[in-house]
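Q: With the input below, show me the fold.
(8 chains)
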8 protein chains.
Amino acid sequence: MNSKELKKLLEDVKTGSVEVEQAYKEIKALPYEDLGFAKLDHHRTIRNGYPEVIYCEGKTNSQIVEIVQRLMQKNNNILATRASQEVYDAVCGVISEAEYHSEARIIVVRRRTVVLADRQIAVITAGTSDIPVAEEAAVTAEVLGNRVTRIYDVGVAGIHRLLSKMDIISEANVVIVVAGMEGALASVVGGLVDKPVIAVPTSVGYGASFGGLSALLTMLNSCASGIGVVNIDNGFGAGYLASNINKL
Amino acid sequence: MNSKELKKLLEDVKTGSVEVEQAYKEIKALPYEDLGFAKLDHHRTIRNGYPEVIYCEGKTNSQIVEIVQRLMQKNNNILATRASQEVYDAVCGVISEAEYHSEARIIVVRRRTVVLADRQIAVITAGTSDIPVAEEAAVTAEVLGNRVTRIYDVGVAGIHRLLSKMDIISEANVVIVVAGMEGALASVVGGLVDKPVIAVPTSVGYGASFGGLSALLTMLNSCASGIGVVNIDNGFGAGYLASNINKL
Amino acid sequence: MNSKELKKLLEDVKTGSVEVEQAYKEIKALPYEDLGFAKLDHHRTIRNGYPEVIYCEGKTNSQIVEIVQRLMQKNNNILATRASQEVYDAVCGVISEAEYHSEARIIVVRRRTVVLADRQIAVITAGTSDIPVAEEAAVTAEVLGNRVTRIYDVGVAGIHRLLSKMDIISEANVVIVVAGMEGALASVVGGLVDKPVIAVPTSVGYGASFGGLSALLTMLNSCASGIGVVNIDNGFGAGYLASNINKL
Amino acid sequence: MNSKELKKLLEDVKTGSVEVEQAYKEIKALPYEDLGFAKLDHHRTIRNGYPEVIYCEGKTNSQIVEIVQRLMQKNNNILATRASQEVYDAVCGVISEAEYHSEARIIVVRRRTVVLADRQIAVITAGTSDIPVAEEAAVTAEVLGNRVTRIYDVGVAGIHRLLSKMDIISEANVVIVVAGMEGALASVVGGLVDKPVIAVPTSVGYGASFGGLSALLTMLNSCASGIGVVNIDNGFGAGYLASNINKL
Amino acid sequence: MNSKELKKLLEDVKTGSVEVEQAYKEIKALPYEDLGFAKLDHHRTIRNGYPEVIYCEGKTNSQIVEIVQRLMQKNNNILATRASQEVYDAVCGVISEAEYHSEARIIVVRRRTVVLADRQIAVITAGTSDIPVAEEAAVTAEVLGNRVTRIYDVGVAGIHRLLSKMDIISEANVVIVVAGMEGALASVVGGLVDKPVIAVPTSVGYGASFGGLSALLTMLNSCASGIGVVNIDNGFGAGYLASNINKL
Amino acid sequence: MNSKELKKLLEDVKTGSVEVEQAYKEIKALPYEDLGFAKLDHHRTIRNGYPEVIYCEGKTNSQIVEIVQRLMQKNNNILATRASQEVYDAVCGVISEAEYHSEARIIVVRRRTVVLADRQIAVITAGTSDIPVAEEAAVTAEVLGNRVTRIYDVGVAGIHRLLSKMDIISEANVVIVVAGMEGALASVVGGLVDKPVIAVPTSVGYGASFGGLSALLTMLNSCASGIGVVNIDNGFGAGYLASNINKL
Amino acid sequence: MNSKELKKLLEDVKTGSVEVEQAYKEIKALPYEDLGFAKLDHHRTIRNGYPEVIYCEGKTNSQIVEIVQRLMQKNNNILATRASQEVYDAVCGVISEAEYHSEARIIVVRRRTVVLADRQIAVITAGTSDIPVAEEAAVTAEVLGNRVTRIYDVGVAGIHRLLSKMDIISEANVVIVVAGMEGALASVVGGLVDKPVIAVPTSVGYGASFGGLSALLTMLNSCASGIGVVNIDNGFGAGYLASNINKL
Amino acid sequence: MNSKELKKLLEDVKTGSVEVEQAYKEIKALPYEDLGFAKLDHHRTIRNGYPEVIYCEGKTNSQIVEIVQRLMQKNNNILATRASQEVYDAVCGVISEAEYHSEARIIVVRRRTVVLADRQIAVITAGTSDIPVAEEAAVTAEVLGNRVTRIYDVGVAGIHRLLSKMDIISEANVVIVVAGMEGALASVVGGLVDKPVIAVPTSVGYGASFGGLSALLTMLNSCASGIGVVNIDNGFGAGYLASNINKL
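A: Predicted coordinates:
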């Protein structure tokens, strides 16, 4: 409820077409639905056609199923991230057409057609082990209405592999770089393209990678300008931000 | 044994109603019971009617059962935290009326009626995954004799969910905020209420949440004044402190 | 503006006693004053008689002076923390009756009489070097309308010093424990009193104290229940929280 | 030199209009100028009209002056960041029309007119102390050809200050959030707008803020989707990324 | 081979009673036995009657068994630490009289009688969960020839439990303090006794205990003088050092 | 494709013996093979006879098998590191002559004879538990064409064990030191030899070894000059670097 | 006041030779003197002839001088650590015979003769830069009544320097090892002597020494048994503990 | 004194040409000179013609001058690192021909001619601010007898700058990569050359570079094989190791 709507509501109160009690309730209670253990926010979905999003980690199967059931009543698309096979099986019990992207660990329920943006998002990984995080980003971006180009395993230790793909990468409107270990790929890509770059450190590595800390610090300290960093392994966040940028 | 009691004991020694050897033993040995592997402190229970508390983690089932048996001889209430289902089963073997709060992982044995404080404690969570820690706080506070209001899943990413609950929250005498990930909820609530706020960071999150460190630092650095922080996932501590405050 | 006031405003709009445009402006603009570089919040002051608070670190002298001048127009009391002698000199240029508590690094401007709470707050330090932080807490609590008892240099390495003061400490309604180095004082005090304990780690120490981290972790992990922790060296926060508790 | 240009060069070699030796030199040597201690990259400037950028920290005054002199021969705009007053004085010795933005610590030399983008970038700070970093972001974005709206001191401890500015913020195409201490502002803003949000943690704070680490972790772990984070105090990077996004 | 022995050997070479080749071999090869994957050092055992020590973690069962077999040929006592039940079963296959201290996770093989030192070592724990580490220390000290007094579960949150045991503790020649969580017990004990105190942080705790880091820092920063700290959970090291001190 | 080859290609384009399109493709596409999820780089293998290397961690069995199959078509040697028994079983399904070095967790496929370097590489460990990492280094170096001398369990707590082996160690051309816990062996060896020393910290240890961090810091801060450090547990990297040095 | 004295006091109360009020006061108030900002503890001094100790860091000059004046009335020896030249000048103003050990930063006031222990304490450093910390340890030990042998700059990078001094070191009863950088000296010495070893990490070093953290971790993880570690740069603590051990 | 020399000495003892006492002294005392505060090691210098090295940080000017005077009596070359201008001035007082490399902060005294190795060492930096560390490496390598090629400011954000220099870099026998911020240059260079690469992280950067930690972790986690890492800012160590490798 933005300022325009607030003024409108106040006008309606003034003219008497809306009761005071009613107005108060609307201001307070409208934008979400309360399940007790969860408050479902239909706000953003209504506004921009985005799917409802469920982050599954830390929720019980029965909580997830209950949330899905409520959301389905709104007939919106649903995107459930960090979903194990077991979660998917539970969800399938109540909605059989749910798709499962196992590498991305994402469940998608498609109820409405999403119009695709014209321009592309490129998703690049440094190694093969970074692909699951990249897929979380790619599938998220696709479900949010974007075309995605995947370029995997082009880490800087073999820079010619990256350079040979630069023409494809340069055509993208937004570039997502997914890398673990030392995460240097983000800096090199950031230096080669003029488009916004979103860097996703991954927990791929061992020893002094400290669960992705190394890649995270690399990306934050990048000598290349124009790089925004998300949390370690946060493919969803990268896909979401890329979509927000791509749809401007 | 406070200073008044010490003086009284000394008087008794002087008048001869208490022997020196006896007095010495009382000063040293009175306030707890020694099981060898554990020293049971009945001190606080006697003084303020609080239940005896057992922290189960790192204790064997047989140790816990032995402690419970001793405590039951005093006929006090018992609160056992971080108790797995398996621990509960063992305890049930010796005291069948023990209740188990599985989400809070708390066992409660009620022997005496606890008078409830008039004023309420509000327990708020940022997300659904924070509920187990919140329940540890809530059940603790209840067993200690407080009324508790639960408001769950009102994280700051959808600030209207929180704002719509502010009138309920404002009625509380003490507010416990439970949040993982970035833990920002504590700051927002701290800015909206004039009551003491206790913040509990949780280990909910991944990557750069570093097991709750992120939420912990957020809460310690809060720009809102009047927030006391407890250890990561320490719902018990928050409930206990809230009770101490609520009963002033 | 809480829910009651919102309803009232809506009623006024309905009856026509308040114009829509006016109502909208009030909802949005009332609670603070905008200096561009700072937004002064008179909200809390009005509500509970607290002084206006300025955190001086990171602000230029001219910014601080300008803020003070604006606040003085409201005729409220002012509490400026982390204020160097130099800041004080600048403030004195515009308001000569400002007091300076040099050890606490606090400037106080008293315009209104504050009613003192009946019950006391005890402020305890482990060492002599912790006194400046303790004074920040004590002066803050006093300016907010509390009586404060100071007990300094009773660290646990000489436990008899602490024990000999326990009767004074036990009379307090809230206890603030200020300690650097290993910060163990909080645990011992927490075990000895039944009142809320607020622990303030300080940066006093060297080597593996890591700027107060050691004391902070000690306090967060305290085996004593009922301790709320604030940021390293955050005497103000401790005093503020203690005051909120003491005034319940 | 992208793939199209490489093909063109190869065609020219084939037709003989370019000599082999010449072609080789172009491929290798074209895109930058070598001062020994620095390699000046005119590449990006030529391509998208961006100014040449100098990061002053760690460079001697004479190095900076020599770089500026070379860059001026290209007649491009220059943006020198992290420039002290002393650096500015040295630069003024060779180019008198250089402007100095002292709060942002930026030197600007304007030689060419920059066309302004239609849409706005909003720069928001949590506190007054965050303004220098915000100004680095704002001035950078302006010099790169963007309109900037500044909204300062709207931290979450007084959420009404932020909410009252949300209509202005919502009009922006990209939002930069600058916050130290616990950095919670990014999450709240991220939840309120549908546009890309760039979060800049600052080193404002003390104790457990650990030089900005607290705010950094908060922003990386934000429960709000669509936030890209840059390095602590990296106003320049945020302004640059925002500009890249705003010009899509 | 100390300086006296070296001189003696050189004298023997000079007089011809030892050949050069032989002398060279002795200097190089004498003090240990080489199994390839392990070099067994009989050096210390010979010198001071200490048992041979095997640290089992990271060794395969067959490696441990082979080491034990070799050591048994020397007829010395053996102390194997960090030994699981499974390791014990394997060792029993080759030497049936091996004892297993399951709480301490120590295997002992006694072949020679050890003379007990007159004076005692006290081993104290803060909680029940610290007992396994304390037992590692206590059993180690006993096998090395010391009398040990155990005082368990006397953490500082109930300081009277500790004080009531101080007369027993004060009789010890060396005091080992074992504590997890915030580890404050070491400071309090260190302030109460004039004997050397060895502090053992344990990994008991959760959240901000960071696997024992909290207790470790506490002990290193203790305001009490005269405390030496060993690694987290290093009961063996504490027992060994205490024995070295006790036998002076 | 180095500068000489680039010039040659340009000459060929000029003389017409190579078409422009063809030349462009070669520049871009030559050096690797694209499997989608992996880009195989035959570049280095061709140049210096090294085996193709597969890092197995984070790859699925089917991905590894597919990579192996492709590499076998080139008839090169293959070195697969961090390979579990399960991976080996899968690989054996497609190439039966694959060898498995279980302690080193390395799979080797030998198709071409490797000429051995004349000079030796010494691999030293501090303890028995460090042997798996040492074996990764040793097997890697051997497969790359080096002779390796193994000296295990010569940690500095029994310095005579090390000293007695110094003549063997001194004969090596490069020395790899593998040590966990405190990692002091690297400094002592570094002070005793004049050859390049490569230090490999291992995650062997507990408590304050923090997963190898302790040994890593020790080696980086070594007071002995001439030590290069690789990642924790990175036996492969050490063997590879040693081979690069040994073959100069 | 130990248990024997308590019994005696109670006897006196019983016989009437001591009044109840008097007894109570003695139990509480006897062992220290209260200056408000400091509580002087004469307890230990009386008991074992140790000097009174003042830790100067964080105390003002006037506080230190006032403490010294009070202590002088007891006619005890005084040891003031972390004392700058400026502090010494202030102390000299009230007691001219104070000595200043500038390298150790220690002020000593000698009023009583201290009997020297027969056996020696050896203080060893790895480098020249570690000498100030070593001197703090050495002077402390000397003032507490011990003979000290100093062996400086025998770090492990030149192990022969250490070995050539081993006969002197072996004669000591307790060995203090002071080392910065990687701190490996403690492990090597710990393996060579059978006496208690106290390790003092120093902040000497740069980069990844992280202010002494590297040396600290090395010493805690030492593969040599029998090493107790004190805080970084804590020469005083090491000297104090060594003295406690040496006087057993 | 290696094993051959030990045998020779023993033979001499046997034949009587060396006395036992004399032999013992030689074994113990030969290899260094003792100044009390420093033990000068002429060992390595004699053996391989290397200069004597003094690390100046943490030493007083008078200590450095005394060391230099002693070393000059041996007529060896001297390399003094981390030397400020002030140290240089003091050294010039006793030896006027000392050279000062101010950027590298190195003092060199040349007494003997050093034969230069045939092959080159390349020293590369990512930025201009990394040059001082690079110069420390380069000057060290030169004084040790190597030819050095310097290529500065070729960071990966402008990868064409690096690629254009690859033919020069490829000619080197050893490559030193010096980089701060995210340190990605090491990975890219490591992927492009087949020679040993030594990576030096620098403390250049701000915020999340954490004093060089970011670059250090990047280099340790490099996806390129064959990289050895030295301490942050340790140009000397890199130059020394490179020299050891180059002279094989």
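
Q: Mind picking out the helix or strand in chain A with the poorest mean pLDDT?
A: One helix or strand of chain A scores below all others by mean pLDDT, DSSP states H and E: helix A:43-48, with a mean of 55.

Q: which residue packs closest to A:Glu11, ignoring adjacent ones?
A: C:Val20 (5.5 Å; C-beta to C-beta, 6 or more residues apart in numbering or on different chains). Bear in mind the C-beta positions are built from the backbone N, C-alpha and C, glycine included.

Q: how much space between that neighbour and D:Ser170?
A: 21 Å (C-beta to C-beta, to the nearest Å).

Q: who has more neighbours, the two?
A: C:Val20 (19 against 15; other C-beta atoms under 10 Å in any protein chain shown).

Q: Quick check, the more buried one in contact with C:Asp12.
A: No: contact between C:Val20 and C:Asp12 fails when scored by C-beta atoms under 8 Å: they sit 10.7 Å apart.

Q: A:Asp89 is in contact with A:Ile107, correct?
A: No: taking contacts as C-beta under 8 Å, A:Ile107 lies outside contact range of A:Asp89: 10.4 Å.

Q: the more surrounded of these two?
A: Higher neighbour count among A:Ile107 and A:Asp89: A:Ile107, with 26 against 11, using other C-beta under 10 Å.

Q: Which pLDDT value belongs to the residue nearest to A:Glu11?
A: With respect to pLDDT, C:Val20 scores 70.

Q: Let me see the ranges of the helices in chain A.
A: Along chain A, counting by DSSP state H, helices occupy A:3-15, A:20-29, A:43-48, A:61-72, A:85-92, A:131-143, A:159-163, A:166-170, A:185-192, A:213-220, A:235-246.

Q: Share the number of residues neighbouring A:Asn61, please.
A: 15.

Q: Could you tell me which residues make contact with it?
A: Neighbouring residues of A:Asn61 by C-beta atoms under 8 Å, 6 or more residues apart in numbering or on different chains: A:Glu86, A:Val87, A:Ala90.

Q: Also A:Glu135?
A: Counted by C-beta under 8 Å, 6+ apart, A:Glu135 has contacts A:His101, A:Glu103, A:Ala104, A:Ile106, A:Gly235.

Q: Of those, which is the nearest to A:Gln69?
A: A:Ile106 (18.8 Å; C-beta to C-beta).

Q: mind showing which ranges of chain A have poor pLDDT?
A: For chain A, the stretches with pLDDT under 70 are A:1-7, A:10, A:20-21, A:23-33, A:41-49.

Q: Next, count neighbours for whichever residue of chain A sits closest to chain E.
A: Closest contact between chain A and chain E, by C-beta to the nearest C-beta, is at A:Phe210 (13.3 Å). Other residues lying near A:Phe210 total 21 when counted by other C-beta under 10 Å.

Q: H:Leu217 is in contact with that one, correct?
A: Yes: contact criterion C-beta under 8 Å: A:Phe210 and H:Leu217 qualify, at 7.3 Å.

Q: Can you name the residue of chain A nearest to chain D?
A: Closest to chain D within chain A is A:Gly228: 2.2 Å, counting by C-beta to the nearest C-beta.

Q: got a list of what that residue touches?
A: Taking C-beta under 8 Å, 6+ apart, we find A:Gly228 in contact with A:Pro196, A:Val197, A:Ile198, A:Ala199, A:Leu241, D:Ile198, D:Gly228, D:Val229, D:Val230, D:Leu241.

Q: Strands - which of those land there?
A: A:Val197, A:Ile198, A:Ala199, D:Ile198, D:Gly228, D:Val229 (DSSP state E).

Q: just the residues you listed now: which is nearest B:Val94?
A: For those, the nearest to B:Val94 is D:Val229 (53.3 Å; C-beta to C-beta).

Q: ok, that closest one touching D:Asn221?
A: No: using C-beta under 8 Å, D:Val229 is not in contact with D:Asn221; the gap is 9.9 Å.

Q: These two: who's more crowded?
A: Applying other C-beta under 10 Å to D:Val229 and D:Asn221 shows that D:Val229 carries more neighbours, namely 36 against 30.

Q: got the contact list for that one?
A: Applying C-beta under 8 Å, 6+ apart, the residues contacting D:Val229 are A:Leu220, A:Gly228, A:Val229, A:Val230, D:Ala186, D:Ile198, D:Ala199, D:Val200, D:Pro201, D:Leu216, D:Met219, D:Leu220.

Q: Check the gap between the nearest residue to the second one once chain neighbours are set aside and F:Lys74 for me.
A: Spatial nearest neighbour of A:Gly228, chain neighbours left out: D:Gly228 (2.2 Å); criterion: C-beta to C-beta, 6+ apart. Going from D:Gly228 to F:Lys74 by C-beta to C-beta gives 41 Å.

Q: quick one: buried residues of stretch A:194-211?
A: Residues of stretch A:194-211 classed as buried by neighbour count (16 or more other C-beta atoms under 10 Å in any protein chain shown): A:195-211.

Q: repeat for stretch A:153-160
A: Quick answer for stretch A:153-160 (16+ other C-beta under 10 Å): A:Asp153, A:Val154, A:Gly155, A:Val156, A:Ala157, A:Gly158, A:Ile159, A:His160.

Q: Between these, which sits nearest G:Ala117?
A: Distance to G:Ala117 across the buried residues of stretch A:153-160 (C-beta to C-beta) is lowest for A:Ala157, with 61.6 Å.

Q: That closest one against H:Cys223, yeah?
A: Yes: between A:Ala157 and H:Cys223 there is a contact under C-beta under 8 Å: 4.5 Å.

Q: Now the common contact residues for the two.
A: Any residue near both A:Ala157 and H:Cys223 by C-beta under 8 Å, 6+ apart counts here, and that gives H:Ser187, H:Gly191.

Q: And for A:Pro132, nearest residue in space, chain neighbours not counted?
A: A:Glu103 (5.3 Å).

Q: re the thing from before, among the contacts of A:Glu135, which are in strands?
A: Among the contacts of A:Glu135, DSSP E puts A:His101, A:Ile106 in strands.

Q: just the buried members of the contacts of A:Glu135?
A: Members of these classed as buried by 16+ other C-beta under 10 Å are A:His101, A:Ala104, A:Ile106, A:Gly235.

Q: Please tell me I have it right and the second one contacts A:Val143.
A: What that stands for is A:Ala104. No: using C-beta under 8 Å as the test, A:Ala104 is too far from A:Val143 to be in contact (10.1 Å).

Q: Tell me who's in contact with whatever residue of chain A ends up closest to chain G.
A: Closest residue of chain A to chain G, C-beta to the nearest C-beta: A:Ala208 (10.7 Å). Neighbouring residues of A:Ala208 by C-beta under 8 Å, 6+ apart: A:Ser214, F:Gly212, F:Leu213, F:Leu216, F:Asn231, F:Ile232, H:Leu217, H:Leu220, H:Asn221.

Q: and those residues as a markdown table, adding distance to B:Val178?
A: As requested, the contacts of A:Ala208 are exported to a markdown table (distance: C-beta to C-beta, whole Å):
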| residue | distance to B:Val178 |
| --- | --- |
| A:Ser214 | 31 |
| F:Gly212 | 34 |
| F:Leu213 | 31 |
| F:Leu216 | 36 |
| F:Asn231 | 38 |
| F:Ile232 | 35 |
| H:Leu217 | 33 |
| H:Leu220 | 37 |
| H:Asn221 | 35 |
